[in-house]
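1. Take a look and give me a structure for this.
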Amino acid sequence: MDTSLSERGAGVKSLAAPLLEVRNVAKWFGKGERRILALDRVNLVIRPGEFVVLLGPSGCGKSTLLRIITGLAQPSEGEVLYRGERLRGVNPHATIVFQSFALYPWLTVQGNVEAALKARGIPAEERRARALALIDKVGLDGFENAYPRELSGGMRQKVGFARAMAVEPELLCLDEPFSALDVLSAESLRGELMELWTAKAIPTQAILMVTHNIEEAVFMADRIVVMDKDPGHVVAELEVTLPHPRSRKDVHFIHMVDQVYATIAGKTQPEEVEMGSAPGEPGKTEMLPHAPLGALAGLLEVIASAGGRADLYVLGEELVMNLDELLPVIEAAERLGFAQVDRGDIVITPLGESFAEAGILARKEIFRQRIRRVPVIRWIYTTLEQAEGHRLPEEVFLRALEEDFTEDEAKRQLDTAISWGRYAELFAFDDNADELFLEETVPVASNPAPGG
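-> Okay, here's the model as predicted:
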């Protein structure tokens, strides 16, 4: 009978000395006034025998935290302890598997696995023996002399796992290792990794994995550390006590997934809290959710057709949307007053129901009235309204947004705002001049048609 991770560590995990401790870690990017806080006072403990998952939306600092734990990045504040000693530089007891495979294309499967051992100064004969044993263990026996280009995505990632495990790390770190794979390959590799871990077929003391896939987290984890963004911080820690192997159809599995969805989605706050503020205003500039408007309309239609209320877990499955795809759409629905979230369910509001049932022009009008209340949209509109000719270079808005966001995120924020403004016919963007302008102002054509 397979032993669950919880059973495997029962009675010892709570008493065992921590393998790793993260104490009040913060991470800043940039300098001076444009310094951006990516992680804020993060605390985490990992003990031997644990499979821990960092779960949260993109931009919450999961991968940054993982790099700090492995020593590939240094914290701006706080400290990381490994077996009670402060970590300085690269963690020699940890290794990391990335989502992009990161194999040497000029080396064979065996050569890639041996590369990790060669870097540790392992003699050639021992390298060969250990590499072949691991290649067999991950199910690639017979492919020792194949090159990465000859392998499928799942097989390439198996090589990545073998190479990481070759150095027998005490802490195995996984940075979304299945996200670049097709659904079937990912499912197969998850099962194989869990088989190795629960059977203690690898010498690893603990596994720490980053993901934004809730089902994946519940399927594999002993404990789920839920993170949120802006800045990245820990929201909650949830124990998963389900025995292995786990079934997605099991009622307890479904309940656990539902609980995680409820923790991440939280509860809709009052409008003034949801809206936040805009650049130049007191308070924190609230990030616009990067939600495609077609997806927003589709979400509201689905909820309306389901009687006005839907379970987030069931909704995600029906729409075939992962956390990073579904959350921004839900956030947009909340921000605009079209829906409310509570205890893992999403409920459509009367305004959202009107939007879902309205025709094209009526939807535009409802949307126009609602986004005028969004601080960033209001700020852009007012700024253009006061400008000469009701036009301004995008650089004006980017510089202001960069006071609160990174350069890349400021550009994404402005792109989302322009998309929303265009749909509502409030303001638009002139690609030729790189300028925003009010929709009431007809832009001058840079290259008028002959005879125009």
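2. Tally up the residues packed near the nearest residue to Ile68 once chain neighbours are set aside, please.
-> Closest residue to Ile68 apart from its sequence neighbours, by CB to CB, 6 or more residues apart in numbering: Pro75 at 5.3 Å. For glycine as for every other residue, the C-beta is placed from the backbone atoms N, C-alpha and C. When neighbours are counted by other CB atoms under 10 Å, Pro75 registers 21.
3. Report the separation between His255 and Gly56.
-> To Gly56, His255 is 21 Å away according to CB to CB, to the nearest Å.
4. Give me the more crowded residue out of those two.
-> Shown here are His255 and Gly56; by other CB under 10 Å, Gly56 has more neighbours (27 against 13).
5. For the more buried one, give me its contacts.
-> Gly56 makes contact with 62, 212, 226-229, 232, 235, 264 under the criterion CB atoms under 8 Å, 6 or more residues apart in numbering.
6. again with Glu353
-> Glu353 makes contact with 300, 304, 308, according to CB under 8 Å, 6+ apart.
7. picking up where we left off before, quick one, which of the contacts of Gly56 are buried?
-> Buried members of the contacts of Gly56, scored by 16 or more other CB atoms under 10 Å, are 62, 212, 226-229, 232, 264.
8. Okay, and which of these map to strands?
-> When DSSP state E is applied, these are split such that 226-228 fall in strands.
9. which one of these is nearest Ile122?
-> For those, the minimum distance to Ile122 (CB to CB) is 36.4 Å, reached by Met227.
10. Distance of that closest one relative to Leu54?
-> From Met227 to Leu54 the distance is 6 Å (CB to CB).
11. With Leu326 instead?
-> 19 Å.
12. Pick out whichever of the two has more residues nearby.
-> Leu54 (29 against 24).
13. Let me know the helix or strand that the more buried one is in.
-> Element membership for Leu54 (DSSP states H and E) is strand 51-55.
14. Can you point out the buried residues in that strand?
-> Within strand 51-55, the residues scored as buried using 16+ other CB under 10 Å are 51-55.
15. In JSON lines, list these along with distance to Gly316 and pLDDT.
-> Shown next, in JSON lines, are these (distance: CB to CB, whole Å; pLDDT from 0 to 100):
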{"residue": "Phe51", "distance to Gly316": "23", "pLDDT": "97"}
{"residue": "Val52", "distance to Gly316": "23", "pLDDT": "97"}
{"residue": "Val53", "distance to Gly316": "17", "pLDDT": "97"}
{"residue": "Leu54", "distance to Gly316": "19", "pLDDT": "96"}
{"residue": "Leu55", "distance to Gly316": "14", "pLDDT": "94"}
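16. Show me what the longest helix anywhere in the chain is in contact with.
-> The single longest helix within the chain, with elements called by DSSP state H, is helix 407-424. Contact with helix 407-424 is made by 59, 287-291, 293, 364, 367-368, 371, 374, 376-377, 380-381, 394, 397-398, 401-402, 404-405, 427-429, 436, 439, as judged by CB under 8 Å, 6+ apart.
17. Grab the most central residue of this protein for me.
-> The chain has Ser58 as the residue nearest its centroid, 2.8 Å off, counting by CA atoms, centre = their mean.
18. That one is in contact with Leu327, isn't it?
-> No. Between Ser58 and Leu327 there is no contact under CB atoms under 8 Å: 9.1 Å.
19. thinking again about what came up before, so can I have JSON lines of the contacts of Gly56 showing pLDDT and distance to Gly359?
-> Putting these into JSON lines (pLDDT from 0 to 100; distance: CB to CB, whole Å) gives the following:
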{"residue": "Lys62", "pLDDT": "92", "distance to Gly359": "42"}
{"residue": "His212", "pLDDT": "87", "distance to Gly359": "36"}
{"residue": "Val226", "pLDDT": "95", "distance to Gly359": "40"}
{"residue": "Met227", "pLDDT": "94", "distance to Gly359": "41"}
{"residue": "Asp228", "pLDDT": "90", "distance to Gly359": "37"}
{"residue": "Lys229", "pLDDT": "88", "distance to Gly359": "36"}
{"residue": "Gly232", "pLDDT": "91", "distance to Gly359": "42"}
{"residue": "Val235", "pLDDT": "94", "distance to Gly359": "40"}
{"residue": "Ile264", "pLDDT": "88", "distance to Gly359": "34"}
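20. And the chain, split by domain according to the record?
-> 5-264, 289-369, 374-438 (automatic domain parsing).
21. residues near Leu66, how many?
-> 22.
22. Can you tell me the element it falls in?
-> Element membership for Leu66 (DSSP H and E) is helix 62-70.
23. strands paired with whichever helix or strand comes after that helix, and their directions?
-> For helix 62-70, the following helix or strand on the C-terminal side (DSSP H and E) is strand 77-82. Strand pairing for strand 77-82, determined by DSSP bridges: strand 20-29 (antiparallel), strand 85-86 (antiparallel).
24. from the chain's centre, how far out does the first one sit?
-> When you say that, I think you mean strand 20-29. 18 Å (CA atoms, centre = their mean, to the nearest Å).
25. ok, residues contacting that strand?
-> Contacts of strand 20-29 (CB under 8 Å, 6+ apart): 35-46, 61, 64-65, 68-69, 73, 75-82, 171, 206, 208, 232, 406.
26. Weed out the non-buried ones from these.
-> 36-40, 42, 44-46, 61, 64-65, 68-69, 75, 78, 80, 82, 171, 206, 208, 232, 406.
27. which residues does the residue nearest to Ile68 contact?
-> Contacts of Pro75 by CB under 8 Å, 6+ apart are 25-27, 39, 68.
28. Those residues: which two are farthest apart?
-> Checking these with CB to CB, the most distant pair is Ala26 and Ile68, at 10.1 Å.
29. what touches both of the two?
-> Counting by CB under 8 Å, 6+ apart, the common neighbours of Ala26 and Ile68 are 39, 75.
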